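[1] okay, sequence plus prediction incoming.
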Amino acid sequence: MTATELKTRLPLPELMARCGDGERAKKSAKCPFHDDGRNSFSIFQRDGVWFWKCHAGCGEGDEVHYLQRKFSVDTAGAFAKWKELAGVNGSKSRVVARYDYTNETGGLLFQVERTDPKGFRQRRPDGKGGWIYNLDGVRRVLYRLTEVLKATGEVWIVEGEKDADTLAGLGFTATTNSGGAGKWRDEYSNALRGKPVVIVPDNDTPGLKHADTIARALHGVAASVRIMRLPEGVKDVSEYAATFSDTGELAERLGIMAENVAEYKPGAGVKPVAPVLEFLRPSEMRDYRPPEGMVLAGDCHVVRGSVFVIGGAPGVGKSRAAVALAVAGAKGADWFGLPVRARFKTMIVQNENGRFRLSKEFADLDCAALEDFVRVCPPPPLGLAFDRAEFQAALTAAIADFRPDVIVIDPWNAVARDEKARDYLETFNAIRAVVPTGDTAPALGIVAHTRKPKNDERATGRGLLSLLAGSYVLGSVPRTVFVLQSASDEPTDAHVVWTCCKNNDGELGERTAWERRNGLFAPVADFDWTEFDRPANDRPTITEADVAEVFQHGKRSVRKAEAVEELKEHTGAGKSACYNALKLDGRFGKHLAESEGLLTWTP
């Protein structure tokens with residue numbers, strides 16, 4: 001069929017109606033191709049042929065040019081679409097759904113038809129049992145208007161009738177405007193006066209702009225307005241709903257997500273979808289200022305949206321260090337000497353300690369001060385199964401409910417069961433699929449084991465990175481890495497050394513010495529760094545005979561400070577090692593006793 005025949009069969013006004021733009025097929029209208037603040041679009045006839053023009057600069061032309069612009073196709077594609085809409089060669093589109101728009105009492109005003117291949121067209125009753133494919137002179141209303149007017153709770157606004165029906169099927173009061181994004185009218189606001197509103201935009205730039213337009217129109221009219229973004233990777237409500245097999249769980253999840261969205265503020269807009277690729281000018285990089293509250297602790301040691309690692313040997317106190325971070329965030333106190341920049345909430349997802357052990361760990365803590373700031377899970381029945389949909393769904397809901405600023409995964413080897421780099425990277429990707437991302441997302445903490453050092457190995461500073469199990473990935477992905485080490489090989493020694501061995505965004509800071517005490521850590525002022533830094537094969541061993549010699553095998557009593565100095569001189573060991581050897585609950589405690597400040601030895 002030629003273009004001339006198509007112009008007769010489906011001229012521009014009817015063509016626009018079948019494409020959902022029938023209301024704009026007139027001498028003066030808002031442009032269908034850009035966000036129009038005033039009428040800049042018109043259609044007209046010249047020598048019996050229809051043309052269109054946007055006076056704001058979108059373009060002009062006939063039916064082919066309209067279809068090219070409407071569907072982003074070339075000339076051949078435009079002709080194919082024109083033939084399809086005209087029903088040529090059996091290619092007529094099939095109506096798959098019709099959506100009724102009614103007045104306040106349920107009387108039909110107009111319909112929107114959804115077609116396959118995907119398309120939309122609007123029609124109105126002609127009063128004779130037939131239809132006219134334009135909306136000339138028809139009053140525009142919100143979809144499902146009668147339900148909106150009756151609603152006493154939240155009204156959800158989405159983009160498209162299909163999404164509104166999806167939410168209605170879940171028990172929500174939902175609506176939309178005809179024509180899709182960019183077609184909101186001021187008169188729609190009256191139906192929502194005094195009602196709380198939740199706007200759920202499509203995950204694209206037009207959808208976000210549309211949501212912001214609606215929010216601005218309803219601010220001060222509706223009781224409240226919130227814009228709820230869907231997770232990345234899904235386009236709209238219906239696509240998100242398709243990821244659930246349980247509609248009850250879906251409805252609960254949407255409700256929780258909406259509850260945790262802040263109320264809309266004029267001028268704030270909606271955070272746009274991040275571009276796939278973005279380049280910054282030198283001045284833009286120089287002038288960047290992080291959002292308030294982005295840095296949580298230290299000199300960018302713990303930062304929103306970034307990963308940090310707490311590494312250490314089994315039993316050294318890594319989990320306790322994670323709890324100490326949560327306590328510091330709740331109270332605004334220092335964490336291992338690092339200043340906390342703002343109070344924050346911490347969620348610990350752990351598979352180490354059951355309820356009994358947790359009760360022991362929190363017995364000495366001020367739980368009243370932590371109540372609103374800390375959440376810790378007992379070991380889940382499935383383990384830390386980030387690769388299972390039910391675990392992901394449960395954790396996503398918990399995060400949406402609590403809205404933590406820091407999320408700690410403890411331990412890493414419960415998630416990544418293989419130390420191969422590929423498995424580690426896949427595990428990070430699985431975690432990122434659940435944990436929110438971006439500059440304002442929670443900081444992600446990983447509690448990880450370090451490997452056992454070799455006999456002659458004494459790693460310090462940045463060299464501690466090599467001790468992380470799976471060090472290639474665990475050392476490269478995080479922005480910050482901390483390592484907690486025992487101060488000595490003495491089992492009863494409660495002293496530990498805390499070192500930041502990587503900080504991509506700030507200074508490492510000095511290593512510090514601490515003592516495990518009262519469920520947390522207390523600083524050690526007189527720590528023997530010389531002894532700690534000695535290579536393992538160069539450290540003197542203190543034997544039972546050495547200690548007995550100081551007490552002349554039980555014939556003398558000695559003050560502890562004097563005994564330490566004599567033991568140092570006799571063995572060449574450091575002060576910390578000597579103090580540990582003289583502990584009443586230490587290795588030689590069964591031989592030691594203390595009375596009136598004097599130590600005695602019983603063979």
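    Now that the structure is in, tell me what you want to look at.
[2] show me where the stretch 151-300 of the chain has helices.
    Taking DSSP state H, counting those that start in this stretch as the criterion, the stretch 151-300 of the chain carries its helices at 161-169, 205-218, 237-241, 247-259, 282-287.
[3] now do the longest one: distance to the chain's middle.
    Going back to what we said before, that points to helix 205-218. From the chain centre to the centre of helix 205-218 is a distance of 23 Å (Cα atoms, centre = their mean, to the nearest Å).
[4] turn the helices of the stretch 151-300 of the chain into CSV, columns for distance to residue 13 and mean pLDDT.
    From N, CA and C alone the C-beta is placed, and that goes for glycine too. Shown next, in CSV, are these (distance: least, Cβ to Cβ, whole Å; pLDDT from 0 to 100):
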stretch, distance to residue 13, mean pLDDT
helix 161-169, 24, 95
helix 205-218, 25, 90
helix 237-241, 31, 92
helix 247-259, 40, 86
helix 282-287, 47, 86
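[5] of these, which is nearest residue 136?
    Residue 136 sits nearest to helix 161-169 of all these, at 21.1 Å, using Cβ to Cβ.
[6] hey, C-alpha coordinates of that closest one in PDB?
    What follows is helix 161-169, C-alpha atoms only, in PDB (Å, rounded to 0.1, in the frame of the first residue of the first chain):
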ATOM      1  CA  GLU A 161      -3.600   1.400  34.000                       C
ATOM      2  CA  LYS A 162      -2.000  -2.100  34.100                       C
ATOM      3  CA  ASP A 163       0.100  -1.100  37.200                       C
ATOM      4  CA  ALA A 164      -2.900   0.400  38.900                       C
ATOM      5  CA  ASP A 165      -4.800  -2.800  38.400                       C
ATOM      6  CA  THR A 166      -1.900  -4.800  39.700                       C
ATOM      7  CA  LEU A 167      -1.900  -2.800  43.000                       C
ATOM      8  CA  ALA A 168      -5.700  -2.900  43.200                       C
ATOM      9  CA  GLY A 169      -5.500  -6.700  43.000                       C
END
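[7] report the buried residues of it.
    161, 162, 163, 164, 165, 166, 167, 168 (16 or more other Cβ atoms under 10 Å).
[8] what of stretch 27-46?
    Of the residues in stretch 27-46, 29, 30, 31, 32, 33, 36, 40, 41, 42, 43 count as buried by neighbour count, 16+ other Cβ under 10 Å.
[9] one more: stretch 132-148?
    Neighbour-count burial for stretch 132-148 flags 132-135, 138, 140-145, 147-148 (criterion: 16+ other Cβ under 10 Å).
[10] measure it end to end?
    27 Å (Cα to Cα, to the nearest Å).
[11] that stretch - what's its average pLDDT?
    Stretch 132-148 comes out with an average pLDDT of 92.
[12] same question, stretch 523-532
    For stretch 523-532, the mean per-residue pLDDT is 86.
[13] gap between the two ends of that stretch?
    Using Cα to Cα, one end of stretch 523-532 lies 16 Å from the other.
[14] what's the answer for stretch 58-68, then?
    12 Å.
[15] buried residues in it, which are they?
    Buried residues in stretch 58-68 (16+ other Cβ under 10 Å): 58, 62, 63, 64, 65, 66, 67, 68.
[16] how about stretch 76-87: buried residues?
    Buried-residue list, stretch 76-87, by 16+ other Cβ under 10 Å: 78, 79, 80, 81, 82, 83, 84, 85, 86.
[17] ok, and what's touching it?
    Stretch 76-87 has contacts (Cβ atoms under 8 Å, 6 or more residues apart in numbering) with 1, 3, 6, 9-10, 15, 18-19, 63-65, 67-68, 71, 73, 89, 91-93, 117, 119.
[18] and those residues, which are buried?
    Using 16+ other Cβ under 10 Å, the buried ones in these are 6, 9-10, 15, 18-19, 63-65, 67-68, 93, 119.
[19] Serialize those residues to TSV and add fields for pLDDT.
    Below are the buried ones among the contacts of stretch 76-87 laid out as TSV (pLDDT from 0 to 100):
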residue	pLDDT
6	87
9	85
10	88
15	89
18	84
19	86
63	93
64	92
65	92
67	90
68	87
93	65
119	76
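[20] can you tell me the SS state at the most centrally placed residue in the chain?
    By Cα atoms, centre = their mean, the chain has its centre lying nearest to residue 436, at 0.9 Å. Look at residue 436: counting by DSSP: H, G, I helix; E, B strand; the rest coil, its state is coil.
[21] do I have it right that it meets residue 443?
    No - Residue 436 lies out of contact with residue 443 (Cβ atoms under 8 Å); the separation is 10.9 Å.
[22] right, and the helix or strand after the helix or strand of the chain with the lowest mean pLDDT?
    Using mean pLDDT, DSSP states H and E, helix 471-476 stands out as the lowest-scoring helix or strand of the chain, at a mean of 60. Beyond helix 471-476 on the C-terminal side, the first helix or strand identified by DSSP states H and E is strand 480-486.
[23] quick one: distance of that next one to the chain centre.
    26 Å.
[24] and that strand, which strands flank it?
    Strand pairing for strand 480-486, using DSSP bridges, gives strand 307-312 (parallel), strand 495-503 (antiparallel).
[25] now do the first one, average pLDDT.
    Which is strand 307-312. For strand 307-312, mean pLDDT rounds to 93.
[26] how far off centre is the helix or strand following it?
    Counting by DSSP H and E, the next helix or strand C-terminal to strand 307-312 is helix 318-331. Distance of helix 318-331 from the chain centroid (Cα atoms, centre = their mean) equals 21 Å.
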